[in-house]
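Undergrad: Task: produce atomic coordinates for the following.
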Amino acid sequence: MFATIRRHQKWLWAIIIAVIIVSFVIFFSPNVSLDRGRTGDFGTINGRAIGPTQFYDAYREAILGYFFRYGTWPSQDEASRTGFDPDRETRNRLLLIDVMNDNKIQVGNDATAKWIANLPFLQDRRTKAFREEIYGQFVKTVLREKGLGEADFERFARHEVGIQQLIAVFGLSGKLVTPREAEANYRWENSPLLTDLVLFSASNYLASVKVAPDELAQFYTNQLSAYRIAERVQVSYVKFDRTNYFGEADQIMTKDTNWMQRINEAYLDRGTNAFLDELGKPMSEALAKDKMRQEIRHNYAMQYARRRAGEFDNELFEKEPRKAENLAAMAAAKMLVVKETEPFSLEEEPKGLNVTESFNTAAFKLTADEPLSLPIVGEDGVYVLALVKKIPSATPPFDSVRARVVEDFRQYRARELARQAGASFSQALTNGLAQGKSFPDICAAAKVQPIAVPEFSLSTRTLKGWDERVELGTLKEMASTMAAGAASGFEPSRDGGFILYVRARPSVNETTLKQDLPQHLADMRLSRQYQAFAEWMTHAINAARMTSPSRGAAAQ
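TA: The predicted structure follows:
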């Protein structure tokens, strides 16, 4: 396979922040354990038992699939955010492989190598040349650190090509898009929309709000949940600060005589405009390379911090019984500093700490029975936590939050007034247009000032010069069903509400249409093909006789 890829001579592993090592540490540090230790029954697929090798091969491919979609390994936090379920994705992968086998789809080395070579982010922007040393470093450092090998990557690539063939077969009906249909769709998506917006903002009605004591008290009673203090937690911690390990990092860099060469190569690969200072201006070559060197140093130091935190944590968990006090005792024995956080909620960043959401998640999982955490990686160090106390949720006395309640009440009443004014104008606008009056005259009579929205179409992605007081997606959705000269009803928003008026819908530029139509037709066919395949895939999953040992029922 290596030789096959080299014959293509057209790609480069170029997902680099500064140099290879830097990107490996920042982007490819694994946070999900590959070997979950499952033995025995792995379920069945269409009556055939799933073996452990078959299951874990598919599991590795599912993890690689996540990596290629998001550019990172699926840590617990990332997987939760993206809705990634490793077991579900593994079984979906098993199903696709099973369908490939049933349809006798076999992918050769050349097709696999070509798929790898054509990955856009693996191509050198200048030479498109294959870099053997970068590929080797990727396999050696990135994949092996995750417990993966070159064979896993090749198998993943081979199956990706097979999936493309499945899409071509089972998504074939989606390609049946005629040029006439594509032209109609192009006209619909690209027809210019000239619109005006009448905004009714709460800020314009704040001065009219009167705060009556009885109404304020009732508002507070009705909104108690908004003022309730969330559950909080307080933890003690030992921090293994990255800066404590710069000495070890410097020793590694002293022994590694090739890092400066890699920095030079990375600087040339990325180009001078890739390194900007705080003002957004390109750095000098010397400053850019020094920044890359510091990134390497910092990330080597973080590796040592993680290692030392892991050693400390392993020793801590060996002490029985497990108690929160063990953290302070062991820290004292090792001459490490223990600190305490201020109480914080799940949604609050702990004061004075530069940490990620994983810190909060770990802190709130601590209990009296399990008061100690695993190492938590922050932005500039690694933490080991112990539970100090949990503070239950509580409702504060009215007097302690009175100022906040008054402000919230004023905003609430101002929105009501804005919406009442918007609804009243909407009725006047409907009646006026029906009577043949012009939109500008109706606005002038009501003393409202319409705002001209920059020209857009349904295919517009960003609207230059628009401050998004009303989101572009909302404008497109509303205008798509409106004729020229029509006005929407009053549309409530968080700030009050608005009315949209369509002044005109000019025709598309015919010259532009002729130029764009071939690509638009191709894009439509490809999109419909994927839609058809997705529908087939959903049906195949529902129809598959697939069982899981964890549920003993059809896998979802």
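
Undergrad: so where do the strands sit in this protein?
TA: Along the chain, the segments classed as strands by DSSP state E run 44-45, 48-49, 193-201, 232-241, 338-340, 344-345, 376-377, 381-391, 451-456, 491-493, 496-504, 546-547.

Undergrad: Parallel or antiparallel, list what pairs with the second one.
TA: Going back to what we said before, that points to strand 48-49. The strands beside strand 48-49 in its sheet (DSSP bridges) come out as strand 44-45 (antiparallel).

Undergrad: How far does the strand it pairs with sit from its chain's centre?
TA: 32 Å (Cα atoms, centre = their mean, to the nearest Å).

Undergrad: ok, now stretch 431-448?
TA: Per Cα atoms, centre = their mean, the centroid offset for stretch 431-448 relative to its chain is 45 Å.

Undergrad: how about it: buried residues?
TA: By 16 or more other Cβ atoms under 10 Å, the buried positions in stretch 431-448 come out as 432-433, 439, 442-443, 448. The way it works is simple: take the backbone N, C-alpha and C, and place the C-beta from them, glycine included.

Undergrad: Can you tell me which of those is closest to Glu340?
TA: Lowest distance from Glu340 to the buried residues of stretch 431-448 (Cβ to Cβ) belongs to Val448, with 56.0 Å.

Undergrad: residue closest to the middle of the chain?
TA: Among the residues of the chain, the one closest to the centroid is Thr82, at 6.4 Å (Cα atoms, centre = their mean).

Undergrad: For the residue nearest to that one when sequence neighbours are not counted, grab the count of nearby residues.
TA: If the residues on either side of it in the chain are set aside, Thr82 comes closest to Tyr70, at 6.6 Å by Cβ to Cβ, 6 or more residues apart in numbering. By other Cβ atoms under 10 Å, 14 other residues sit near Tyr70.

Undergrad: Quick check, Leu194 in contact with Pro506.
TA: Yes: using Cβ atoms under 8 Å, Leu194 is in contact with Pro506, at 7.2 Å.

Undergrad: which of the two has more neighbours?
TA: Neighbour totals were compared for Leu194 and Pro506, and Leu194 leads with 17 against 12 (other Cβ under 10 Å).

Undergrad: taking the buried residues of stretch 431-448 as a set, which two sit the farthest apart in space?
TA: Leu433 and Val448 (14.6 Å).

Undergrad: ok so, going back, adding mean pLDDT and distance to Glu89, write the strands of the chain out as a markdown table.
TA: Below are the strands of the chain laid out as a markdown table (pLDDT from 0 to 100; distance: least, Cβ to Cβ, whole Å):
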| stretch | mean pLDDT | distance to Glu89 |
| --- | --- | --- |
| strand 44-45 | 82 | 15 |
| strand 48-49 | 82 | 20 |
| strand 193-201 | 96 | 40 |
| strand 232-241 | 96 | 32 |
| strand 338-340 | 96 | 40 |
| strand 344-345 | 94 | 32 |
| strand 376-377 | 91 | 24 |
| strand 381-391 | 95 | 29 |
| strand 451-456 | 94 | 37 |
| strand 491-493 | 93 | 38 |
| strand 496-504 | 96 | 41 |
| strand 546-547 | 67 | 13 |
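
Undergrad: Throw those strands into TSV and include distance to Ala534, thanks.
TA: Compiled in TSV, the strands of the chain are given as follows (distance: least, Cβ to Cβ, whole Å):
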stretch	distance to Ala534
strand 44-45	20
strand 48-49	25
strand 193-201	30
strand 232-241	42
strand 338-340	51
strand 344-345	39
strand 376-377	36
strand 381-391	41
strand 451-456	29
strand 491-493	32
strand 496-504	33
strand 546-547	18
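
Undergrad: Which one of the ones you listed lies nearest to Phe359?
TA: The nearest among those, by Cβ to Cβ, is strand 376-377 at 5.1 Å.

Undergrad: which helices and strands sit right next to the closest one?
TA: Under the contact criterion of 3 or more Cβ pairs under 8 Å, 6 or more residues apart in numbering; DSSP states H and E, strand 376-377 touches helix 357-365, strand 381-391.

Undergrad: where along the stretch 201-350 of the chain do the helices fall?
TA: 213-222, 224-227, 246-255, 259-270, 285-318, 325-333 (DSSP state H, counting those that start in this stretch).

Undergrad: Return the member of the ones you listed having the minimum mean pLDDT.
TA: Note on these: lowest mean pLDDT is at helix 259-270, with a mean of 72.

Undergrad: Mind giving me the packing neighbours of it?
TA: On a contact count with 3+ Cβ pairs under 8 Å, 6+ apart, helix 259-270 meets helix 20-27, helix 285-318.

Undergrad: Correct me if wrong: Ala62 contacts Leu94.
TA: No: between Ala62 and Leu94 there is no contact under Cβ under 8 Å: 9.3 Å.
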